[in-house]
Structure formats: structure tokens, C-alpha cells
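1. sequence plus predicted model, see below.
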Amino acid sequence: MSETPNQSNRLDRIEALVERVAQQQAQTQSQIDSLTRQQAQTQSQIDSLARQQADTQAQLDAYINTATGVLARSAVLDGVVLELRESTENLQRNSEEHQRSFEQHQRNFEEHQRTTNAALASLEAILAQLIGRIS
């Protein structure tokens with residue numbers, strides 16, 4: 001079966017489209033891999049911050065206990081208690097801010113994942129159409 005110039009040209013265009021889809025898919029996979037690495041790094045940072053926060057909270061709890069014992073003996077240290085309370089509030093605000101930041105990152109990652117999946121689905125549909133046209 002011999003090909004006509006139109007068939008050959010059409011096959012060349014289809015082949016070029018398939019190559020572009022393959023390149024785009026490779027780029028998309030590279031982006032997904034990069035996002036996955038970034039998410040792992042961010043998760044590692046979040047885990048580290050959580051450990052630091054737990055250590056800081058433990059230290060703060062110890063300071064408050066010490067201050068309470070000292071205050072039982074001396075009314076002079078009232079100012080120290082106020083400073084410790086401010087520190088606790090600052091730590092709570094920091095904790096809430098870190099939590100909001102983590103949640104935003106999580107939403108961003110999920111949105112990237114959704115858009116990447118949608119792009120992959122579109123590419124698969126295009127590829128399926130191209131394969132259907134070739135058959």
C-alpha cells in the first residue's frame with residue numbers, strides 16, 4: 001500500500017504532534033517531580049519547626065513553672081510573669097501563622113496537583129484522539 005503525499009504529510013504532522021505531547025508530558029512530569037521535592041523539603045521544614053516549637057513549648061512550660069515557684073516566694077517578679085505571658089502569646093501567634101502558612105502551602109500544592117492532573121488528562125485525551133485518527 002503506497003502513501004500519497006497528503007497521507008505522508010498528515011502522518012508527519014501527527015508524528016510531530018505526538019512528539020510535542022511527549023515533550024510536554026516529560027516537562028509536566030519534571031514539574032511534578034520538582035513540586036514533589038519542594039513539598040518534601042517544605043514538609044521537612046514544617047517537621048523541624050514543629051520539633052522546635054515543641055522544644056520551645058517545653059522550655060516555656062519549664063520557665064512558667066519556675067516563675068510560679070519564685071513568685072510564691074517573692075512578689076518582686078510580677079514583671080517576669082507578664083513577659084512570659086507575652087512570650088506565650090507571641091509563640092501562639094507564631095504557631096498560628098506557621099499553621100496558616102502550612103495550610104496555604106498545602107492548598108497551593110493540591111491546586112498544582114489538580115492542574116497538573118487536568119493537563120495530563122487533556123494530553124491523554126489529545127493522544128487518544130490522535131491515535132484514534134491514525135487507526
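-> Yes, it's here.
2. alpha carbons only for contacts and neighbour counts from here, please
-> Fine.
3. which helices and strands does the longest helix anywhere in the chain pack with?
-> Among all segments of the chain classified by DSSP state H, the helix with the greatest residue count is helix 5-73. Applying 3 or more Cα pairs under 8 Å, 6 or more residues apart in numbering; DSSP states H and E, one finds that helix 5-73 makes contact with helix 78-134.
4. mind listing what Ala58 touches?
-> When the contact criterion is Cα atoms under 8 Å, 6 or more residues apart in numbering, Ala58 has no partners at all.
5. ok now the longest helix of the chain, how far from the chain's centre?
-> Mean-position distance between helix 5-73 and its chain equals 4 Å (Cα atoms, centre = their mean, to the nearest Å).
6. what's the angle from it to helix 78-134?
-> With axes from the mean of the first three to the mean of the last three Cα atoms, to 10 degrees as the criterion, the two stretches helix 5-73 and helix 78-134 enclose an angle of 170 degrees.
7. pLDDT weak spots in this structure?
-> Along the chain, the model assigns pLDDT under 70 to residues 1-3, 5, 70-71, 75-77, 80.
8. give me that answer again for 90
-> Where the chain drops to pLDDT under 90, the residues are 1-11, 66-84, 91, 102, 123, 127, 130-135.
9. from the chain's centroid, how far away is stretch 58-78?
-> Between the mean C-alpha point of stretch 58-78 and the mean C-alpha point of its chain there is a distance of 40 Å (Cα atoms, centre = their mean).
10. burial check on Ala72, number of neighbours?
-> Close neighbours of Ala72, defined as other Cα atoms under 10 Å, add up to 9.
11. what do you get for Ser34?
-> Ser34 is surrounded by 12 other residues when neighbours are defined as other Cα under 10 Å.
12. enumerate every residue touching it.
-> Neighbour list for Ser34: empty [criterion: Cα under 8 Å, 6+ apart].
13. buried sites along stretch 120-132?
-> Using 16 or more other Cα atoms under 10 Å as the test for burial, stretch 120-132 gives Leu120, Leu123, Leu127.
14. including distance to Phe102, could the residues you listed go into CSV?
-> Below are the buried residues of stretch 120-132 laid out as CSV (distance: Cα to Cα, whole Å):
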residue, distance to Phe102
Leu120, 26
Leu123, 31
Leu127, 37
